[in-house]
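Undergrad: After the sequence you'll find the predicted model.
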Amino acid sequence: MPSLSAARTLPGLAASAVAVLACLALHRLLPGFPVLTAAVVLGLLAGNLPGTAAQVTGAWKPGLALAAKKFLRLGIVLLGLKVSLVDIAGLGWLTVLLLAALVGFSFGMTYLVCRAFRLPGEEPVLIAAGFSICGVSAIGAVAAARQVRQAQTAVPVAVVTMFGTLAIGVLPLLSSLLGLAPEVFGFLAGAAVHDVGQVVATAQTAGTAALALAVVVKLVRVLMLAPVSALAGLHHRRRSGHEGKLPPLIPLFVAGFLAAVLLRTTGILPADVLGAAAAVQDLLFAAALFGLGASVNVRSLLRTGGPAVAASLVSWLIIVGAALLLALLLVPAG
């Protein structure tokens with residue numbers, strides 16, 4: 001017999017499972033539409049359409065909250081199995097250092113822009129993390145390090161997903177207008193697009209060479225998840241003083257992410273295990289993003305989210321410009 005608390009999560013988990021299956025089917029029909037983007041969209045619909053909104057705030061709420069928090073963290077751990085330090089070292093240490101500097105620049109500029117637009121609370125830090133590192137995964141990690149409540153992540157998740165999805169259509173058009181070589185475009189996609197899945201969807205339009213470089217460049221940014229989370233946690237500790245319970249500098253699931261990176265780097269895991277882990281990670285992220293999307297009140301977002309969208313647009317343009325400059329400097333055009 002399941003416990004009472006476990007039974008309360010079943011309706012929401014079942015709804016998440018159905019949503020994930022729908023997202024997979026939609027992606028199969030429209031390969032250019034990423035599964036994770038579809039999950040956010042379905043979540044938004046579920047949380048705001050009259051027929052399902054009552055379920056989202058009622059019977060589905062415990063299960064959706066579990067998916068949004070726990071599944072996201074488990075997915076972040078498995079994300080580490082995509083990062084091989086050997087592949088990253090293959091870029092050359094100058095390139096790796098410049099990409100790390102780009103992450104720092106992107107974080108700092110996004111934070112300053114969001115502050116200039118007077119975004120409230122932790123939104124500037126969360127949006128900066130999402131834009132500079134790896135989208136919703138980074139938002140989840142930094143939110144945990146800074147003890148940010150899930151409800152406060154709704155706007156950052158929405159804008160990071162919006163502009164990551166926008167990149168899938170805009171960056172190939174920009175590449176065509178500028179006549180970028182495939183490798184240059186691949187570097188640009190890996191350096192400027194938020195989520196790994198969105199990077200793949202963007203870069204594959206220019207062929208396998210662009211896709212291969214884009215993924216490795218993106219994984220350098222993903223690797224920055226741990227140090228940025230630690231710095232965010234350290235800043236929160238100092239700001240909070242020594243009173244009350246403080247979060248760990250590195251949340252347990254981020255430590256798990258680092259352990260997964262080291263495990264992948266050893267090369268001992270067979271390809272079929274890595275493939276299965278990647279598939280499970282996609283399912284976990286899709287369920288989590290459905291839950292996060294369902295928590296967004298669209299009317300409230302439209303009423304109060306204008307400054308966040310404007311700040312995100314300015315930040316995104318700055319990041320794309322900086323990433324393009326770095327791509328042109330580092331990647332041979334021919």
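TA: Yep, that arrived. The structure displayed is predicted, hence computed values, not measured ones.
Undergrad: Run through the residues that contact residue 83.
TA: Residue 83 makes contact with 219, 222-223, 260-261, 264-265, according to CB atoms under 8 Å, 6 or more residues apart in numbering. C-beta coordinates here come from the backbone N, C-alpha and C atoms, glycine included.
Undergrad: In CSV, list the C-alpha atoms belonging to stretch 179-186.
TA: Once non-C-alpha atoms are left out, stretch 179-186 reads as follows in CSV (Å, rounded to 0.1, in the frame of the first residue of the first chain):
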residue,chain,number,x,y,z
GLY,A,179,27.4,33.9,-44.8
LEU,A,180,28.9,32.1,-41.8
ALA,A,181,30.9,28.9,-42.3
PRO,A,182,29.3,25.8,-40.7
GLU,A,183,32.0,25.6,-38.0
VAL,A,184,31.7,29.3,-37.1
PHE,A,185,27.9,28.9,-36.9
GLY,A,186,28.3,25.8,-34.7
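Undergrad: mean confidence score for it?
TA: Across stretch 179-186, pLDDT averages out at 94.
Undergrad: Now do the buried residues in that stretch.
TA: 180-186 (16 or more other CB atoms under 10 Å).
Undergrad: how many neighbours does residue 112 have?
TA: 15 (other CB atoms under 10 Å).
Undergrad: Please report how far residue 237 lies from residue 201.
TA: Counting by CB to CB, to the nearest Å, the gap from residue 237 to residue 201 is 38 Å.
Undergrad: try residue 268
TA: 30 Å.
Undergrad: what's the answer for residue 89, then?
TA: 26 Å.
Undergrad: Secondary structure and distance to residue 142 for the buried residues of stretch 179-186 - can I get that in CSV?
TA: What follows is the buried residues of stretch 179-186, written out as CSV (DSSP: H, G, I helix; E, B strand; the rest coil; distance: CB to CB, whole Å):
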residue, secondary structure, distance to residue 142
180, coil, 32
181, coil, 35
182, helix, 33
183, helix, 31
184, helix, 30
185, helix, 29
186, helix, 27
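Undergrad: Quick one: those residues as a markdown table, columns for distance to residue 192 too.
TA: Shown next, in a markdown table, are the buried residues of stretch 179-186 (distance: CB to CB, whole Å):
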| residue | distance to residue 192 |
| --- | --- |
| 180 | 12 |
| 181 | 16 |
| 182 | 16 |
| 183 | 15 |
| 184 | 12 |
| 185 | 10 |
| 186 | 11 |
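Undergrad: Look up phi and psi at the residue nearest in space to the middle of the chain.
TA: By CA atoms, centre = their mean, the chain has its centre lying nearest to residue 135, at 2.3 Å. Dihedral angles of residue 135 (phi, psi; degrees, to the nearest 10) stand at phi 70, psi -140.
Undergrad: do the same with residue 58
TA: Residue 58 adopts backbone torsions of phi -120, psi -110, taken as degrees, to the nearest 10.
Undergrad: Just give me the neighbour total for it.
TA: Count around residue 58 with other CB under 10 Å applied: 11.
Undergrad: residues touching the residue nearest to the centre of the chain, list them.
TA: When contacts are counted by CB under 8 Å, 6+ apart, residue 135 touches 160-161, 164, 194-195, 198.
Undergrad: Reformat these as a markdown table; add pLDDT, distance to residue 332 and neighbour count.
TA: Output for the contacts of residue 135, formatted as a markdown table (pLDDT from 0 to 100; distance: CB to CB, whole Å; neighbours: other CB atoms under 10 Å):
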| residue | pLDDT | distance to residue 332 | neighbour count |
| --- | --- | --- | --- |
| 160 | 89 | 32 | 28 |
| 161 | 86 | 33 | 29 |
| 164 | 87 | 28 | 28 |
| 194 | 87 | 26 | 28 |
| 195 | 85 | 28 | 26 |
| 198 | 86 | 26 | 26 |
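Undergrad: And those, which is closest to residue 42?
TA: The closest of the contacts of residue 135 to residue 42 turns out to be residue 161 (CB to CB; 12.1 Å).
Undergrad: Low-confidence ranges, the stretch 101-250 of the chain, go.
TA: 240-249 (pLDDT under 70).
Undergrad: Break down it into its helices, ranges please.
TA: 123-129, 136-145, 154-178, 182-192, 196-203, 208-223, 225-240 (DSSP state H, counting those that start in this stretch).
Undergrad: And the third one, what does it pack against?
TA: The one in question is helix 154-178. Secondary-structure packing of helix 154-178 (3 or more CB pairs under 8 Å, 6 or more residues apart in numbering; DSSP states H and E): helix 35-48, helix 123-129, helix 136-145, helix 182-192, helix 196-203, helix 271-294, helix 298-304, helix 306-330.
Undergrad: what's the angle between the fifth one and helix 182-192?
TA: Inter-element angle recorded for helix 196-203 and helix 182-192: 150 degrees (by axes from the mean of the first three to the mean of the last three CA atoms, to 10 degrees).
Undergrad: Kindly report the same for the last one.
TA: Inter-element angle recorded for helix 306-330 and helix 182-192: 140 degrees (by the same axes, to 10 degrees).
Undergrad: quick revisit: out of the contacts of residue 83, give me the two with the largest separation.
TA: 222 and 265 (13.4 Å).
Undergrad: hang on, the earlier thing: for the helices of the stretch 101-250 of the chain, which one sits closest to residue 27?
TA: Taking the helices of the stretch 101-250 of the chain one by one with CB to CB, helix 196-203 is closest: 9.6 Å.
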